[in-house]
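In: Structure of the sequence below:
(chains A and B, ligands or ions: 4)
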Amino acid sequence: MSEPLLHVKNLSQHFKVSRSYTVKAVNGVSFDIYPGETYGLVGESGSGKTTIGRSIIRLYNPTSGNVIFQGKDITGKLDRSVEEMLRRDMQMIFQDPMSSLNPRKKVADIIGEGLDIHKRHASITDRDAAIGEMLEKVGLSKSHAERYPHQFSGGQRQRVGIARALIMNPKLIIADECISALDVSIQAQVVNLMKDIQDETGCAYLFIAHDLSMVKYISDRIGVLHLGYMVETGTADEIFSNPIHPYTKSLLSAVPLPNPEVEKRRHPVAYDRKAEGVDYAKGSEHLIGGTHSVLATDEELARWTA
Amino acid sequence: MEMKNERTILQINDLDISFKTNAGIIHAIRGVNIDLQKGETVAIVGESGSGKSVTMKAAVGLLDANATVNSGQILYRYVDDYGHEQVYDLLQMSKKQLRSTINGSRIAMVFQDPMTSLDPTMTIGKQIMEGILLHKKASKQEAWDRALELLELVGITDAEKRMKNYPHQLSGGMRQRVVIAIALASDPDILICDEPTTALDVTIQARILELIKDVQKRMKLSVIYITHDLGVVAKVADYVNVMYAGKIIEVGNVNEIFYEPKHPYTWGLLAAMPDLETDDDRLVSIPGSPPNLLHEPKGDAFAARNAYALAIDEKADPPLFKVSETHYAATWLLHPDAPKVEMPQELKARIARAQKEAEKNL
Ligand SMILES: Nc1ncnc2c1ncn2[C@@H]1O[C@H](COP(=O)(O)OP(=O)(O)O)[C@@H](O)[C@H]1O
Ligand SMILES: Nc1ncnc2c1ncn2[C@@H]1O[C@H](COP(=O)(O)OP(=O)(O)O)[C@@H](O)[C@H]1O
Ligand SMILES: [Mg+2]
Ligand SMILES: [Mg+2]
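Out: Ligands and ions are numbered 1, 2, ... in the order given. Model (predicted):
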């Protein structure tokens, strides 16, 4: 395999809420993302998905661990060239397109912001041409450039968010629940668009979501988070056809499938970490085969694979 | 007032509702018919803005002040305190009448956000007891015991302790259980659930769905379940109404809708959501977005997004064509003179997979 585009090593992110209380949002999480692939991050709310995304793109300073992006360590203090590379090559798409787009700015200026900051274009005409092209690429039209975000539907706003991220021609796009607020039919449109763009530009995605069937569809590999720990990771097939961790199993069993004859008889598998006496801090990463690994103690692994 | 058959408990006839806004009149509900039989679960599924919530809010007198009911009936059948069967048109009752005789006590509603139904300043025990005391002659002690029983029924552990908690001390999933307990407190005939699990994690959603099915069996409830998630529909529904732009465009029993859908919009909804086997390069998506009902659509409201649209769709809105005793769809494709059209290949393959899977599980 080629060198990873992103290498996350033992990442921890703790928030000190008060003198006596610290939220351990992310604990020793490691994973790699290769150029052009889609890595899906799943887990219940509060499991640390957003925090990981934000730590990677340096909206937070990690408590410990390293994030290596295109061979450069981007934790700690960055020199200017690394900072610039990061701002250009890594972009984010957010869940709520409305709150992430400045309502007082025209769509052209929202999409062109990155270009303006990096002074990417020789003339205004070049810049406007690039913005027009980008609008068409995401399925909007040039004439939309002069409009404001509130004049768009939810699906269209998400396209604006994607256009803004894409115009920098990034290598990695962090998409945090970017389709969760959209209707299924519109979700399919946006996911198709994201796949087309990936085919064309070779960008990689960190796709954060809680809809497992969509994650399975779009991802090459998947990481399952629980309570800030990466409890299982592997290819989409490894995770879905051979889940080992009881949390992964309970998550998969909970997704209702559009198949009434099956769904009416199927019951979710419960997982009670405390009752099973599982302490994530005691586990270590066990390789199951291929890229499939599970967080467990030796004894737990024996029990779960028995 | 006539109901279709003796098992029907709620029957919505030709409901038509519009809203006055600064921008003009929004014709949100354009002739909706829905039947609910006693003890069964009917799902209403459709994209946001299709009119699911407005339809059911009309039944419980919760329409916004700018709403006008242009026509229609919502017939409700129940047995009164003297054992006589009564049929009421809920739309003819005042909000006050509804509140004193129907709302909460006979028809209870659970919304997406539990906080809209909970009082943040009152313990949850008190809130459940209030429902019991309001609708039933019971002593305080009896109400307390019943409240405790209900909390246990909805799967809250340490119920005794939880009685004294305030809503903010509970997680989102627990709050929704409490809201369900409150809804059940008055022993209603009908439970209307409006996207009750949409904001919750799948594992918690799964438990709440099991819970609703479980209580339904035990209390012989009839349930109307509003959702945009077809997976949820497959799990809970006996009958399904697919709604689009203020109309029911397909209705059938759950197997008919999932295994033999007839309307291109239903095809689109089913195909847009990947199953766990989908590895097609692209998802089948429905192009565009739902129409703005500020402007009355001409012909079939779905025509502009419909890859299978016929010339007639531009001119005339299709009626519901009969497919079976229980299955109807509003698409001109079912007209005897229409060209023969098949559902998308991807969907056909997926349904075949689903049915094979179902046989395996038998
Ligand atoms: N800035 C912050 N300060 C304190 N706690 C935080 C902060 N951001 C997130 N958390 C906590 O960290 C945990 C993980 O949150 P998050 O990453 O948002 O989870 P997810 O995106 O998986 O829902 C949660 O318990 C959340 O309350
Ligand atoms: N108070 C109101 N004023 C104006 N329009 C409204 C009002 N309430 C609902 N609508 C409109 O009615 C339509 C149906 O809404 P709703 O029933 O909430 O849809 P959903 O299917 O998502 O539950 C939407 O177009 C919505 O904008
Ligand atoms: Mg998040
Ligand atoms: Mg609604």
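In: Just confirm yes or no for the helix or strand where residue A:196 lies near ligand 2.
Out: Using DSSP states H and E, residue A:196 falls within helix A:184-201. No - against ligand 2, helix A:184-201 shows no contacts by C-beta under 6 Å from any ligand atom, the least distance being 12.9 Å. In this view, the C-beta of every residue, glycine as well, is placed from N, C-alpha and C.
In: Stretch B:189-204 and chain A, any residue contact?
Out: Yes - counting by C-beta under 8 Å from any C-beta of the partner chain, chain A has neighbours in stretch B:189-204: B:201-204.
In: Now render these as CSV, adding secondary structure, pLDDT and distance to residue A:33.
Out: Shown next, in CSV, are the residues of stretch B:189-204 next to chain A (DSSP: H, G, I helix; E, B strand; the rest coil; pLDDT from 0 to 100; distance: C-beta to C-beta, whole Å):
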residue, secondary structure, pLDDT, distance to residue A:33
B:201, coil, 85, 25
B:202, helix, 88, 24
B:203, helix, 87, 26
B:204, helix, 85, 29
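In: Tell me the one of the residues you listed nearest ligand 3?
Out: Of all those, ligand 3 sits closest to residue B:201, with 11.3 Å by C-beta to the ion.
In: picking up where we left off before, just the buried ones from the residues of stretch B:189-204 next to chain A?
Out: B:201-204 (16 or more other C-beta atoms under 10 Å in any protein chain shown).
In: Quick check: the two most widely separated of those residues?
Out: Pairwise distances across those (C-beta to C-beta) peak at 7.4 Å, for the pair B:202 and B:204.
In: what sits in contact with each of these two?
Out: Contact criterion C-beta atoms under 8 Å, 6 or more residues apart in numbering or on different chains; residues shared by residue B:202 and residue B:204: residue A:44.
In: and the next element down the chain from the least confident helix or strand in chain A by mean pLDDT?
Out: The weakest-scoring helix or strand in chain A, judged by mean pLDDT, DSSP states H and E, is helix A:97-100 (a mean of 72). Following helix A:97-100 in sequence order, the next helix or strand is helix A:107-117 (DSSP H and E).
In: Now do the helix or strand just after that next one: which elements does it pack against?
Out: Using DSSP H and E, the helix or strand that follows helix A:107-117 in sequence is helix A:124-137. Here helix A:124-137 touches helix A:107-117, helix A:154-166, going by 3 or more C-beta pairs under 8 Å, 6 or more residues apart in numbering or on different chains; DSSP states H and E.
In: pLDDT at the residue lying closest to residue B:223 once chain neighbours are set aside, what is it?
Out: Distance criterion C-beta to C-beta, 6 or more residues apart in numbering or on different chains; nearest residue to residue B:223, sequence neighbours excluded, is residue B:41 at 4.3 Å. Model confidence at residue B:41, given as pLDDT, is 97.
In: Tell me if I'm right that residue B:41 and residue B:236 touch.
Out: Yes - Residue B:41 is within contact range of residue B:236, at 5.4 Å (criterion: C-beta atoms under 8 Å).
In: unless I'm mixing things up, residue B:260 is touching residue B:326, no?
Out: No - using C-beta under 8 Å, residue B:260 is not in contact with residue B:326; the gap is 11.3 Å.
In: burial measure for residue A:89, as a count.
Out: Other residues near residue A:89 come to 17 when the count uses other C-beta atoms under 10 Å in any protein chain shown.
In: Need the three-state assignment for whichever residue of the stretch 151-300 of chain B sits closest to ligand 2.
Out: The nearest approach of the stretch 151-300 of chain B to ligand 2 comes at residue B:293, 5.5 Å away (C-beta to the nearest ligand atom). Secondary structure for residue B:293, judged by DSSP: H, G, I helix; E, B strand; the rest coil, is coil.
In: could you list every residue that touches it?
Out: Counting by C-beta under 8 Å, 6+ apart, residue B:293 makes contact with B:26-28, B:30, B:245-246.
In: Helices of the chain, start to end?
Out: No chain was given, so I picked chain A. For chain A, helices defined by DSSP state H occupy the ranges A:49-56, A:80-89, A:97-100, A:107-117, A:124-137, A:154-166, A:184-201, A:212-218, A:236-241, A:246-254, A:260-263, A:298-305.
In: nope, chain B please
Out: Assigned by DSSP H, the helices in chain B fall at B:52-59, B:95-97, B:124-135, B:140-153, B:159-162, B:172-185, B:202-219, B:230-236, B:254-259, B:264-272, B:345-360.
In: And the ones you listed: which comes nearest ligand 1?
Out: helix B:172-185 (11.7 Å).
In: still on that earlier bit, okay if I get the helices of chain B as CSV plus distance to ligand 1?
Out: Shown next, in CSV, are the helices of chain B (distance: least, C-beta to the nearest ligand atom, whole Å):
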stretch, distance to ligand 1
helix B:52-59, 26
helix B:95-97, 39
helix B:124-135, 23
helix B:140-153, 26
helix B:159-162, 22
helix B:172-185, 12
helix B:202-219, 13
helix B:230-236, 21
helix B:254-259, 31
helix B:264-272, 25
helix B:345-360, 30
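In: Can you add distance to ligand 3 and give the ones you listed back as TSV?
Out: Putting these into TSV (distance: least, C-beta to the ion, whole Å) gives the following:
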stretch	distance to ligand 3
helix B:52-59	26
helix B:95-97	40
helix B:124-135	27
helix B:140-153	30
helix B:159-162	27
helix B:172-185	14
helix B:202-219	14
helix B:230-236	21
helix B:254-259	31
helix B:264-272	23
helix B:345-360	30
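In: JSON lines for those helices, including distance to residue A:276?
Out: Shown next, in JSON lines, are these (distance: least, C-beta to C-beta, whole Å):
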{"stretch": "helix B:52-59", "distance to residue A:276": "40"}
{"stretch": "helix B:95-97", "distance to residue A:276": "51"}
{"stretch": "helix B:124-135", "distance to residue A:276": "29"}
{"stretch": "helix B:140-153", "distance to residue A:276": "24"}
{"stretch": "helix B:159-162", "distance to residue A:276": "24"}
{"stretch": "helix B:172-185", "distance to residue A:276": "20"}
{"stretch": "helix B:202-219", "distance to residue A:276": "15"}
{"stretch": "helix B:230-236", "distance to residue A:276": "26"}
{"stretch": "helix B:254-259", "distance to residue A:276": "35"}
{"stretch": "helix B:264-272", "distance to residue A:276": "37"}
{"stretch": "helix B:345-360", "distance to residue A:276": "30"}
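In: From start to finish, how long is stretch B:271-285 in a straight line?
Out: Using C-alpha to C-alpha, to the nearest Å, the span of stretch B:271-285 from its first residue to its last is 7 Å.
In: let me redo that: stretch A:67-81
Out: Start-to-end span of stretch A:67-81 (C-alpha to C-alpha) is 16 Å.
In: Could you measure from the residue in the stretch 1-150 of chain A that ligand 2 sits nearest to over to residue A:179?
Out: Nearest to ligand 2 in the stretch 1-150 of chain A, going by C-beta to the nearest ligand atom, is residue A:150, at a distance of 14.6 Å. Here residue A:150 is placed at a distance of 20 Å from residue A:179 (C-beta to C-beta, to the nearest Å).
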